[in-house]
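>>> how does the following fold in three dimensions:
(one chain, ligands or ions: 1)
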Amino acid sequence: MALYPIKINETLNGKRLGVDSFTMMNPLNYIQFMITGRGPLSDNFLRAGAFVHSEVNQDPWKRADIQMHTYPYPASLDFGVRFRYLFGFSDEGYRAMYGENNDNADGGFLLPTLLRPKSKGTITLQSSDPMVHPIIDPKYMEDPADIRTMAAGLKYTEKMLASKAFKKRGIQHEPIPQCKEHKTYSQKYYECFCRYYIFTVWHPVGTCKMAPKSDKLAVVDPELRVHGVKNLRVIDASIMPTMVSGNTNAPTIMIGERGVDFILKDHPVQAKKSSSHQEL
Ligand SMILES: Cc1cc2nc3c(=O)[nH]c(=O)nc-3n(C[C@H](O)[C@H](O)[C@H](O)COP(=O)(O)OP(=O)(O)OC[C@H]3O[C@@H](n4cnc5c(N)ncnc54)[C@H](O)[C@@H]3O)c2cc1C
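Numbers count the residues shown, from 1 in each chain. Have a look, this model is predicted:
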């Protein structure tokens, strides 16, 4: 996901469109939300989303290659106290985006997200001691195709910024200083941008890939059994052989449901005795 900053230069009935920390902490807003379910705290944080076909999309099944979110909160929402760490800003990156004085102007982000990234990370054991952490190297944006697609996703935001609704509120991109040697909105600018403000959305998959035994990276078979090990299944997001075109929680729940079905199929007697699932 790229964090593409926007500034909002107009207000709505005298109030900012995005939310700041004073609004978030104001007890009156809590009371309003508790009683009426309305007000600033009824905001779902990601106000609009879309699945987008970028101009470089060549997917043979015509699936979108970018998921777009909008986020009406600058990372300086709380004047740099905590929020920026959620996004993983370095001190330098944060200062470059929001200035020395924690500029808390109304703004937010447009967030193009790569669907099905081509870069693949690795997990390597450091030791046979299970208490020693493995080395996780996500290798974000290692494949140049990901840079091209993300740059095209960033380019798509031009259409959003040029729309009547965005223009009406004076919403503009705030160029980042790290890429100032490139013309803003040029291909080189977007590619440079991808090297600075990229962020994970915590959807890792594929470390126990479902595939035939002949695949040297295969871990589980189509019924989630670990190849070559008896009575062991893996039932979680790790079995996805490739990334789904979107968020991973719902597909993981589906994998869990299927896993239960496979276990019940293999152990029908025990299931009858112990499962409330059966009784229902
Ligand atoms: C911050 C964040 C935000 C996310 N937002 C979204 C979202 O908006 N939409 C979406 O679709 N997906 C989202 N995801 C992704 C989604 O949560 C995951 O894809 C999904 O939870 C994966 O499920 P899982 O069962 O594979 O792993 P997990 O949900 O991580 O479950 C693993 C379980 O194993 C337990 N465990 C670990 N080690 C041991 C051990 N040694 N012994 C026993 N138990 C152990 C853990 O406590 C945990 O309960 C988000 C993830 C994160 C981290």
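>>> name the residues that touch the top strand by length along the chain?
Identified as the longest strand of the chain according to DSSP state E is strand 107-114. When contacts are defined by CB atoms under 8 Å, 6 or more residues apart in numbering, strand 107-114 is touched by residues 1-8, 18, 52, 65-75, 146, 149-150, 153-154, 156-157, 160, 174, 201. (Each C-beta comes from the backbone N, C-alpha and C, glycine too.)
>>> counting contacts, what elements does the next helix or strand after that strand pack onto?
Counting by DSSP states H and E, the next helix or strand C-terminal to strand 107-114 is strand 122-124. Taking 3 or more CB pairs under 8 Å, 6 or more residues apart in numbering; DSSP states H and E as the contact definition, the neighbouring helices and strands of strand 122-124 are strand 135-137.
>>> ok, back up a step: and the contacts of strand 107-114, which are buried?
Buried residues within the contacts of strand 107-114, defined by neighbour count using 16 or more other CB atoms under 10 Å: 1-8, 18, 52, 65-75, 146, 149-150, 153-154, 156-157, 160.
>>> now do the contacts for the spatially most central residue of the chain.
Closest to where the C-alpha atoms of the chain average out (CA atoms, centre = their mean) is Val201, at 2.7 Å. Residues in contact with Val201 (CB under 8 Å, 6+ apart) are 1, 113, 247.
>>> now distance to Leu264 too, for those, in a markdown table please.
Supplementary listing: those in a markdown table, determined by distance: CB to CB, whole Å:
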| residue | distance to Leu264 |
| --- | --- |
| Met1 | 38 |
| Thr113 | 36 |
| Asn247 | 27 |
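>>> ok, back up a step: next one: the residue nearest to the centre of the chain, what pLDDT does it get?
At Val201 the predicted local confidence, pLDDT, stands at 90.
>>> likewise Asn102?
Confidence per residue is given as pLDDT, and for Asn102 that number is 62.
>>> cool, Val19 as well?
Here the pLDDT value assigned to Val19 is 74.
>>> quick one: Lys155 and Glu191 touch, right?
No. Under the criterion of CB atoms under 8 Å, Lys155 makes no contact with Glu191, lying 10.4 Å away.
>>> OK, contacts around the residue nearest to Asp215 when sequence neighbours are not counted?
Leaving aside its chain neighbours, Asp215 sits nearest to Lys209 (7.3 Å; criterion: CB to CB, 6 or more residues apart in numbering). By CB under 8 Å, 6+ apart, the contact set of Lys209 is 215, 217-220, 239-241.
>>> checking the nearest residue to Lys155 once chain neighbours are set aside next. Helix, strand or coil?
Leaving aside its chain neighbours, Lys155 sits nearest to Tyr190 (5.9 Å; criterion: CB to CB, 6+ apart). Secondary structure of Tyr190, reduced to three states by DSSP: H, G, I helix; E, B strand; the rest coil: helix.
>>> Tyr190 and Pro175, how far apart?
According to CB to CB, to the nearest Å, Tyr190 stands 11 Å off from Pro175.
>>> more neighbours: the two, which one.
Tyr190 (25 against 15; other CB atoms under 10 Å).
>>> any idea how far the more buried one lies from the ligand?
25 Å (CB to the nearest ligand atom, to the nearest Å).
>>> residue contacts, that residue?
Residues in contact with Tyr190, defined by CB under 8 Å, 6+ apart, are 150-152, 154-155.
>>> let's go with 7 Å and repeat that
By CB atoms under 7 Å, 6 or more residues apart in numbering, the residues touching Tyr190 are 151, 154-155.
>>> picking that back up, distance check, the residue nearest to the centre of the chain against the ligand.
Distance, Val201 to the ligand, by CB to the nearest ligand atom: 7 Å.
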